[in-house]
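1. Compute the structure for the input listed below.
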Amino acid sequence: MKKFKFELEKILEYRDFEKQQAEGELAKALAVETEIQNSLKKIAEQYAALDKYMSGSLDFSDMVSMSQNKNLLNYQKEELLKQLAEAKLVSDQKREVLKECMKKTTALEKMKELQFSQYKEEVKHAENKRLQAIAASKVSAEHRN
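-> Okay, the predicted model is just below:
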């Protein structure tokens, strides 16, 4: 009997490629999110260090400097939060693309599995037929003798 061949194999390979591409794009988007979150953590640490440094200081120039530094940190934090919101939107879009790719790939994989199980049944049936024919020919040969 002929070897199993899934007619949509090339399409399945293409869908797998698309899925891998989507996974890579999502990974990049998540890396951007993580980088922004790490920057936000650094700003929080700078806030804490600034507060610790300034605790108990009554020097006016230190207070002005601290106020300017806090304003700068606030501005940086706000910008990073905007970037994080945008990055989350991009990640969500990439996640949806990946989900669609996975659906398409899964459907084709299930179709391939179904066709392969049908193929195995056909092979089994053909083998049983062949064995029955061999057995029948042996029985008929024995009756002739």
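2. In this protein, spot the helix with the most residues.
-> The longest helix of the chain (DSSP state H) is helix 60-144.
3. how would you label E7: helix, strand or coil?
-> Using DSSP: H, G, I helix; E, B strand; the rest coil, the structure places E7 in coil.
4. Poorly predicted segments of the chain, please.
-> Within the chain, the ranges that satisfy pLDDT under 70 run 1, 60, 145.
5. tell me, what residue is most central in it?
-> E23 (4.0 Å; Cα atoms, centre = their mean).
6. any idea which element that one lies in?
-> Following DSSP states H and E, the helix or strand that holds E23 is helix 9-54.
7. how far off helix 60-144 does that helix point, in degrees?
-> Angular relation of helix 9-54 and helix 60-144 on a 0 to 180 degree scale: 160 degrees, by axes from the mean of the first three to the mean of the last three Cα atoms, to 10 degrees.
8. Stretch 9-20: which residues count as buried?
-> Buried residues in stretch 9-20, counting neighbours by 16 or more other Cβ atoms under 10 Å, are found at L12, R15, E18, K19. C-betas here are computed from N, CA, C, even on glycine.
9. looking at it, V97 is touching G24, isn't it?
-> No: V97 is beyond contact range of G24, at 11.2 Å (criterion: Cβ atoms under 8 Å).
10. Please say which of those two ends up with more neighbours.
-> Remark: of V97 and G24, V97 carries more neighbours, 17 against 12, as counted by other Cβ atoms under 10 Å.
11. rewinding a little: and the closest residue to the residue nearest to the centre of the chain other than its chain neighbours, what does it touch?
-> Closest residue to E23 apart from its sequence neighbours, by Cβ to Cβ, 6 or more residues apart in numbering: L98 at 6.1 Å. L98 is in contact with K19, A22, E23, E25, L26, counting by Cβ atoms under 8 Å, 6 or more residues apart in numbering.
12. cool, Y119 as well?
-> Contacts for Y119 were tallied using Cβ under 8 Å, 6+ apart; they are F4.
13. How many residues are close by I134?
-> Residues near I134, counting by other Cβ under 10 Å, number 10.
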